[in-house]
Structure formats: C-alpha cells, structure tokens
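**Q** starting from these lines, generate the structure:
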Amino acid sequence: MKKEYIYAGISIFLWSTTATVTKLLLGSLNSMQILAVSSFFAFIFLLILNLFKKKLNEIKKYKIKDYLQIAGMGALGVFLYYLFLYLGTNKMLASQAFILNYLWPMMTVVFACIILKEKMTLRKILAIVLSFVGVIIVTANGNLLNIDNNTLIGALFCILAAISYGLFSVLNKYKGYDKYASMMLYYLTTFIICIIYLLITRTTIDIGIGQAGGLIWSGIATSAIAFTTWALALQKGDTAKISNLAYITPFLSLVWTYFFLKENISIYSVLGLVVIVLGIFIQLKEKKVEKNS
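**A** Next up, the predicted model:
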C-alpha cells in the first residue's frame, strides 16, 4: 500500500474517534477544561515536530502583524471551532454532532466566494442546499415538528463550529502561512485563551488517570498527529483522491459511538449524513470539471 494512503488512513481513524472521546470526557469535565489541556498537549507535540523539521526559523520571519493575524486565526479555527463542537456534543448525541460538523466544507465554499472571489454557481448552490437539508434531517431525527430543545441548541453550536472552521480554512489558504509552524501557534493561542478564562473564573482542573488518557488522546492523537499525517498524505499523494477519503470519517465515527457510547445508529442520521456528503461530492465534481476545462 502506498504511504499516502497509510497516512490518510491514520488521520481518518484518529478523527473518527473525536466524538466518542469528547462525549466521554464531557461526563466529568467542561468544554473549557478539555480544550485547555488538549490544546496544551497538541502544542507540545507540534513544538517538538517543528523542532525536528527545523520550522521554527519560519516564525522568526513573521512580523507583529503576522503574529496578530495568526492569533486571530487560531482563536477562530481552533479555539472557537472546538469550543462550539464540544458545546454541541454536550447537548446532543455525539453521532449527530459529528455529522453536523461535516457542514464545514460547504461553509468553506461560501466563504471562498466571499473572500477569495470564487464564482458562486448553480452546482454550488445545489450542494449548499443539500447540505442544509441533511442538517435538518439529522437534527429533526424524523420529528421535524417537535425537535428537542437541547438537540436544537446543540445543532446550532455545531453549525457555528462548521462556520468557524469554514472561515478559518479559507483564511488559512488566503494568508498562506507555513502549515506546521502556524498550526503550532494556533494551538498555543487556544491554550493561552483557555488559561486566561480558567484563571478569571477560578476554575481548577482535577484529572484522573482515565481523563488524562482521554485528554492526551484528544490533544496529541486526534489533533496533532492526525493533522501531521493528513498533511503528509496530501503532500505525497493526489490531493483530490486523498481529500475524498476524509468523508469516510463520519461513517466510521458512527461505529465508535455505537459500540462505546451505546448510541443507536438512527436511519435519519445515516440519511442526513448521506445527503450532506452528496452535497460535498457535487461541489467536488464541479472542481474536477473546472480543472479539466
């Protein structure tokens, strides 16, 4: 098997565990506590990686304006993204939250049209509509006229997470900072924000062995390692083919939530996920047509 597919497989496997691990941690810790510790572990791992790859010299080239922009992007694409995702996961089934998280590719399309001035086409509009239909199917879970309030609030948080990450993705492309050095700084920014909040609110973090394992997995495995192996997969393989593999993740996530959280796999969750992914593939198909024309 080619190395790029091994790297991609590692990322997909690690990402697919996010919902399950987060839901388990939320049983004893709040969103800010989880984010503070996991972002610290992610930063330490990425610091070591940057030292190994000799990427810290890139940081020396940045000006004050660059540091401020990177801090802002870290607050948007890591801090707010994970905070909203954790808050959403706490309010609804982990499987539902993770599916709604995959609205972010469509948010990327919307912001790319606004910021990068990419053309909004009929195919893109159809893809966006399909994705939102999928969101409604997952949230309503077969009962559109009587949606549970917690589920509705959770869905709104997950949509905000998708908006945050969609905007972050476009800004990341627009600014073009080194992906390894900037990602390290994004997690450092998130850690600093969390620590300031915890100090102001005088919130302590009491961690047991099981929680420590979950936080290390969340910070190092699902964040830092998954990011690194995905970057390597994209670097070594065909971007379009590798990117398409990412949509295996939410389907695999359903398996983990079923076995470890005992969440039933709802036919509406699967149907909604299929509709969301269909919208994404319609949009990807357009990119291929544009590239071949």
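
**Q** quickly note the distance from Thr190 to Ala8.
**A** 25 Å (CB to CB, to the nearest Å). Backbone N, C-alpha and C define where each C-beta goes, glycine included.

**Q** hmm, I typed the wrong one, I wanted Met106.
**A** 22 Å.

**Q** please apply the same query to Leu152.
**A** For Leu152, the distance to Ala8 equals 35 Å [CB to CB].

**Q** got it, and Val21?
**A** Relative to Ala8, and taking CB to CB, Val21 is found at 20 Å.

**Q** of the two, which one has the most company?
**A** Neighbour count, other CB atoms under 10 Å: between Val21 and Ala8, Ala8 has more, with 25 against 22.

**Q** wait, what's in contact with the more buried one?
**A** Counting by CB atoms under 8 Å, 6 or more residues apart in numbering, Ala8 makes contact with Thr229, Trp230, Ala233, Gly237, Ile242, Leu245, Ala246.

**Q** give the rounded mean pLDDT of the helix or strand that contains it.
**A** Assigning secondary structure by DSSP states H and E places Ala8 in helix 3-16. Average pLDDT, helix 3-16: 93.

**Q** put the alpha carbons of it into CSV.
**A** Provided in CSV are the C-alpha atoms of helix 3-16 (Å, rounded to 0.1, in the frame of the first residue of the first chain):
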residue,chain,number,x,y,z
LYS,A,3,2.4,5.6,2.0
GLU,A,4,-0.1,8.4,1.3
TYR,A,5,-3.0,6.0,1.9
ILE,A,6,-1.4,4.8,5.1
TYR,A,7,-1.0,8.4,6.4
ALA,A,8,-4.6,9.2,5.3
GLY,A,9,-5.9,6.1,7.0
ILE,A,10,-4.2,7.0,10.3
SER,A,11,-5.8,10.5,10.1
ILE,A,12,-9.3,9.1,9.3
PHE,A,13,-9.1,6.6,12.1
LEU,A,14,-8.0,9.2,14.7
TRP,A,15,-10.5,11.8,13.6
SER,A,16,-13.3,9.3,13.7
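
**Q** ok, how many other residues are close to Glu263?
**A** By other CB under 10 Å, neighbour count at Glu263 equals 19.

**Q** I'd say it and Trp256 touch.
**A** No. The criterion here is CB atoms under 8 Å, and Glu263 misses it with Trp256 at 9.5 Å.

**Q** in the helix holding Ala8, which residues are buried?
**A** Buried residues in helix 3-16, counted by 16 or more other CB atoms under 10 Å: Glu4, Tyr7, Ala8, Ile10, Ser11, Ile12, Phe13, Leu14, Trp15, Ser16.

**Q** for the first one, give me its contacts.
**A** Taking CB under 8 Å, 6+ apart as the definition of contact, the neighbours of Glu4 are Leu232, Ala233, Leu234, Lys236, Gly237, Ile242.

**Q** would you tell me what the next helix or strand after the lowest-mean-pLDDT helix or strand in the chain is?
**A** Across the helices and strands of the chain, the lowest-confidence element by mean pLDDT, DSSP states H and E is helix 239-245, at a mean of 72. Scanning forward in sequence from helix 239-245 by DSSP H and E, the next helix or strand is helix 249-260.

**Q** name the residues that touch that following helix?
**A** Contacting residues not belonging to helix 249-260 are listed as 12-13, 15-20, 23-24, 93-95, 98-99, 101-102, 263-265, 269-270, 273, 277 [CB under 8 Å, 6+ apart].

**Q** change it to 7 Å
**A** With CB atoms under 7 Å, 6 or more residues apart in numbering as the contact definition, helix 249-260 has outside contacts at 12, 15-17, 19-20, 94-95, 98-99, 102, 263, 265, 273.
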